Every structure is written in structure tokens, then in C-alpha cells.
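Novice: One predicted model, sequence on top.
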Amino acid sequence: MEIPVYTTMKQNRNRIVIFLLILQLMLICVITRKWLLVSTQRLYLEDRKDDGRQGVAWQRFVVENGSVLPQIITRNNAHTIFEINPWTRSSLQFRATPTGPAAYEIYLLRNGARQLLQKNELPGPTSGSVSLPVGRESLAIENRGAVTWSDLRVVSELHLVPYFAALAVLFLLTCSIKRSSALPTAAKQASLVAGSVLVTLLLVEFTAHLLSGVLPYSVIDSRHNLGAFRMDPRWQLSARYGKRLQPNSNSLTEREYGDLVEMAVIPADVSQATRVRYPVQTDREGFRNPFTREHIVVAALGDSFTDALQLPVEQAWPAQLERILGTPVQNYGTAGFGPQQELYVMQDYAIHHGARVVVVAYFAGNDIFDAESFARFEQSRAEAAEIPGWKILKFVERYETLYTYTLTRIALKRMGWSDVRTARLPNLTARNALQVVAAAADPAVPPRAYFDRGMFHVPIHGHDMSFALMPAYLRTLNYSKGWLETTPGWDLTRRTYKEMKRLADQNGATLVVMFIPFKSQIYLPMLQGVFSDEDLNRNFGFYFQENKTDADVRTMTKNRLAQNEMMRGLCEEAGIPFLDLTPALQHETEQGNSVYFPDDAHWNAAGQELAGRELAKFLRQHNLDFR
């Protein structure tokens, strides 16, 4: 039977319409893919290719408008060189904020020649964008005067006009053909499904952005590496203390890695993930105690080494001290507190509850600098509003910034899926790599110490002791006793501790200072026993990528106990009983016992237990146990 001509024409039109719809769908997929894969590469000072000797510059991260903002601070005339390798046409984007008269110039360095890309005076905060060519090049940024470079980044450019033009032509052609022919049912259903999925995803994304301020904290925490910020609900901003814990709080904390991984100092795959969950509870005064006691014997003042948020509260040294002494010990520690805040805690709480012994834990890692920071807090509310941030992802593609991507990752993780981490041979010298392989193949070969992307591995008493160091604290070893004693922070610390002593005497209490060394002070002698100075300088250079000249083992060794001597001298002058935990911690590590978390700057449970034990012994020796 012969098919009518109009039926054949109708079928041909339907095939053409379906073909055109498929082409449009393919174009939409291409456009979507290109949009999702727009990349951002942030330029951090640790990636500079110059020697770092031309001008003073340092990196910092601050929270601004709800997200972390990387900044490079320069003073006077500065010159930095970055190597870039964009795979498509890109642009350098930034915001430059001067402090006084300033100007900048940006050059492309190619084959020994300098090509000026942009040159501007800076009358005030200025946003800029500079087009960059494709391929590996070097970029020189020079400024005259003090300039803060905010979110210096290379962003790939998106050129979609040809694709949208082609899509418009195909759409018009489809409409003209469809006018004389109904759209096939299958094509209608496919278009409806695709459109529904797209609209749903857009609604989810839009709603998540709109409600980002009230989304579960776990969602914001999952975007930590992107710089998403929302004040942890356990914390509050206080006019008197700055950031401190909320009173009457009760929540669960879950940890998998230490702060050195969370701050991107070391990659996660050089550490071992250990997921732990425990409650964090505060009393009505906002400190980490089950309840507020009206009368106490010992008040424990300090920072994060005292509140011990990395551990269950019963493992913190104040709880260990109470268990050993059998007398009430109240934990008044708060992460981030420095000397002045600890004085306020003593005035507002410890003395009020009748403490007979006030133990203030001095942390050598940052207490001097925290004193300066808090002084600025009290002097300027503008600076007080500035919240410190953290290192965020250096390279990110747009799809990673979408809430739909974040929610999908959270859902997959709860279903039991996890990121696959590839085990890699440590970044060693060829000689050490051969030694590690040989030791693995032959148990008779003695293990050797090695360094892998921030993590030291030291064989001691038959097992591997692994640990990474906090760059900021390690850098502190470059500061001599003479220099530290001239800083405003030390002057503030001296005056504050003397005021604590006066307040304690006035109220019939005894002030005790417990010196807490930072991790580098404890592990440096061990490292010098297994690495040459040359190897250590090279390894420490990993932590000081902004300025590798900071890695100077001989200077660090000379200054290792500088703050111990300073605090001992202050306490002798003021008549304050002084306990230095450095010898006990060092002895413990020399026996092969870890007292710090491998990937964290803080004590583990063993370190906290040691502190409680040593303090209890000290108080008994000085008849301050009050049993």
C-alpha cells in the first residue's frame, strides 16, 4: 500500500525537529560545561618565584562579607613574581588598597623581556582586571608605597557568544518547522524532564544562597575550604573579651583531622584520618565545665591548651588535676585568649568564686602576639570587627562553589561514599626514597627518618613517630630573647602578669604560672639528632614557602628557650611560682611517647595528662594542694 506524500513529509519534519532538539541539547551541555569549569587560581605569596628580598610582604586571611578573603600585605616598595600557566584566555583580577600615596605596575615576563600590562596610581581602594595570554608565563607585580592586594587571582574567561548565537538559530529553525508539525510525544517528554531537572537544580541553588545564613552548620563547614564563614554557634563576640564560648551550650563535636590539615598547612593524605565525636558543654559562665561551682580551690586560666576542645573535657589538664588532687578545679580556659583576657577572667570569675590558687597557662606559641592583638581590639572597634580567616583552596572550578555540589557531597558521604585518597611515595631525595623502599622490602634494614610534605617521620624505640609543625610557631624560633623583650606584646604581658599577682595577693590567693612550650621547641632537638642542618633547613622551607630564608636551624636552636628564660625571669622578679613543662614534655618524647597530635599543634590526651600530673606534683611541693 502506498504511503501518502503528506505522511512522509510529516515524518521527515519530525526527524528534523528531533535532530535540531538534540543539537540544542548538545549546545546547552557544552555551554553548561564551560560555565561550570570556569577556573580560579589564587596567587599566594608562598608561590612567588623571586627570592623575596625586594620589599616586605606577608600573607594573611581575613573574613569579609561572610567569606574568607586572601590578602597580600606589602610595605614600601615591593616586587613579587608569580608563574602562571592558564590553559585558556584568562584575566588577573584583584583589589588594591593603598595606605597613603601608592602606585603599581604589572608586567609580563617573557624570554627575558618585560611587557607592561597595566600601570596605575592608587588614590584609594581600586579593583582591577588585566587580560593574560595562554601558556606558561611569569607575572611581575610591583608597587610603590604600602598596598594591600586582596584576592589576587587568575580567572579563566568565558566566551559564549558564538554558542548562544548557534543556539538561537537552531531554536528559531525548530520553531519554524514545528509550526506546521506537532512536536513528537517522546521529544515533548524528554524536553519536559530536562526542563524540570534544570528548574529544580536552579531553585535548590537559589534557595540555598538565599538561606545560607540559616543552613545547618554542617553545610557551611563542608564549604570551609571555599572560605564560607559563619560564626560557630558555640561562640559569641563579646565587647569585653572578644570571641568567646557561649554560656549554657551543649553540642557534639566531630573531628577527623587536626588543625594543620584544616588550615591546609599539610595535605590530608600525609596524615591519618581518625574520626572522633564527643560533647562540648559550657557552664552558665561560658566555660568548659559541666556546671558552675560557687566555691572552687583552683582556677585554671589559659587558651586552647586549657579548654582542650580537641578532646573530651575529662581529658583536659584541669580535669586531670582535679582527679589527682581531689580538690575542685574550675576550667576557665578559652581558645584564643591572651594575657589581658585571662586577667579579666580572674577578675570576673576566679576571684569571685574564692579560688585559693590561680594557675595561668602561658603558651609560648602566641601569647605575646595575642597580647598585642587584644590591645588593638580594645583601642579600635574597627579592627576589633576584623575576624581572622584561614587558607582557602588555591585552585577551584565554579561547579565546586555550587551549593548543589556541596549538598550532593554531603549526601554521598552519609551514604558511605568517601573521597578516594591516593597513597603516594613521600617527596624524598632519591637516596632516602631508596632507603625507605629497601626498609619496606627487608625488615633487617633499620628505618630512617624522612620528611613528607610537612610530616616528619622519626624512628624511635622501634616505632615511627610522626608529627608536623605549625609554621607560625616555628617561625617564632627566629626571634631572639633581646628582640622579644622589646616588643609591645612582652611589655603588655609583663604588666598583666604583675597585675594578676597583685590581684591574687589582695584576695588571699596564690598565682602560679605554668609555661607551655610550642611543639617545635620540643621536637627540634630530636630532629637535629636525625637530620643534618642542611636537610632541616630544606624541610623547614616547606613551611616557609613565602620566605624560605626564615628556615635557619642554627638561629632556631639558639633561640629555642628564649621565652622560657624570659618568663622565668619575670616570675622570679615578681615572686610568682613558676613551672616549666618543657623538660617533662621533652623527656616524654625522647622515650618515644607522643604528647602532641601528629597533625595538630595541640596536646593529645597523653600531653594533657602529663601537664596535670606535673602541675599536681608542683603544687604539692609548694604546699598548694589544699587537700
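Specialist: Great, that's in hand.
Novice: So which elements touch the helix or strand harbouring L615?
Specialist: Using DSSP states H and E, L615 sits in helix 605-621. Secondary-structure packing of helix 605-621 (3 or more C-beta pairs under 8 Å, 6 or more residues apart in numbering; DSSP states H and E): helix 317-325, strand 510-516, strand 578-580, helix 582-590. All C-beta spots, glycine's among them, are computed from the backbone N, C-alpha and C.
Novice: how far out from the middle of the chain is that helix?
Specialist: Centroid separation for helix 605-621 versus its chain: 30 Å, with C-alpha atoms, centre = their mean, to the nearest Å.
Novice: Just the CA atoms from that helix would do, formatted as PDB, please.
Specialist: Extracted C-alpha coordinates of helix 605-621, given in PDB (Å, rounded to 0.1, in the frame of the first residue of the first chain):
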ATOM      1  CA  ALA A 605      45.400  13.000  75.700                       C
ATOM      2  CA  ALA A 606      48.900  12.000  76.900                       C
ATOM      3  CA  GLY A 607      50.100  15.600  76.800                       C
ATOM      4  CA  GLN A 608      47.200  16.800  78.800                       C
ATOM      5  CA  GLU A 609      47.600  14.000  81.300                       C
ATOM      6  CA  LEU A 610      51.300  14.900  81.700                       C
ATOM      7  CA  ALA A 611      50.500  18.600  82.300                       C
ATOM      8  CA  GLY A 612      48.000  17.700  85.000                       C
ATOM      9  CA  ARG A 613      50.400  15.200  86.600                       C
ATOM     10  CA  GLU A 614      53.400  17.600  86.600                       C
ATOM     11  CA  LEU A 615      51.300  20.500  87.900                       C
ATOM     12  CA  ALA A 616      49.900  18.400  90.700                       C
ATOM     13  CA  LYS A 617      53.400  17.400  91.800                       C
ATOM     14  CA  PHE A 618      54.500  21.100  91.600                       C
ATOM     15  CA  LEU A 619      51.600  22.300  93.800                       C
ATOM     16  CA  ARG A 620      52.200  19.600  96.400                       C
ATOM     17  CA  GLN A 621      55.900  20.600  96.500                       C
END
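Novice: Can you give the contact residues for that helix?
Specialist: Residues outside helix 605-621 that contact it (C-beta atoms under 8 Å, 6 or more residues apart in numbering) are 298, 305, 308, 311, 315-321, 323-325, 357, 359, 512, 514, 516, 577, 579, 581, 584-585, 588, 593-596, 603, 625.
Novice: and if we set it to 6 Å?
Specialist: For helix 605-621, contacts defined as C-beta atoms under 6 Å, 6 or more residues apart in numbering pick out 308, 311, 315-317, 320-321, 324-325, 514, 579, 581, 584, 595-596, 625.
Novice: Report the buried members of those residues.
Specialist: For the contacts of helix 605-621, a burial check counting by 16 or more other C-beta atoms under 10 Å picks out 308, 311, 315-317, 320-321, 324-325, 514, 579, 581, 595-596, 625.
Novice: nearest to T40, of those residues?
Specialist: Nearest to T40 out of the buried ones among the contacts of helix 605-621 is Y596 (C-beta to C-beta; 34.9 Å).
Novice: any idea what sits nearest the closest one, other than its immediate chain neighbours?
Specialist: Of all residues not flanking Y596 in the chain, K519 sits nearest, at 5.1 Å (C-beta to C-beta, 6 or more residues apart in numbering).
Novice: List the residues that contact that neighbour.
Specialist: Taking C-beta under 6 Å, 6+ apart, we find K519 in contact with L469, Y596, A601.
Novice: Need those in a markdown table (columns: pLDDT).
Specialist: Shown next, in a markdown table, are those (pLDDT from 0 to 100):
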| residue | pLDDT |
| --- | --- |
| L469 | 96 |
| Y596 | 97 |
| A601 | 96 |
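Novice: Distance to P216 and secondary structure added to these, as CSV?
Specialist: Formatted as CSV, the contacts of K519 follow (distance: C-beta to C-beta, whole Å; DSSP: H, G, I helix; E, B strand; the rest coil):
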residue, distance to P216, secondary structure
L469, 34, coil
Y596, 32, strand
A601, 28, coil
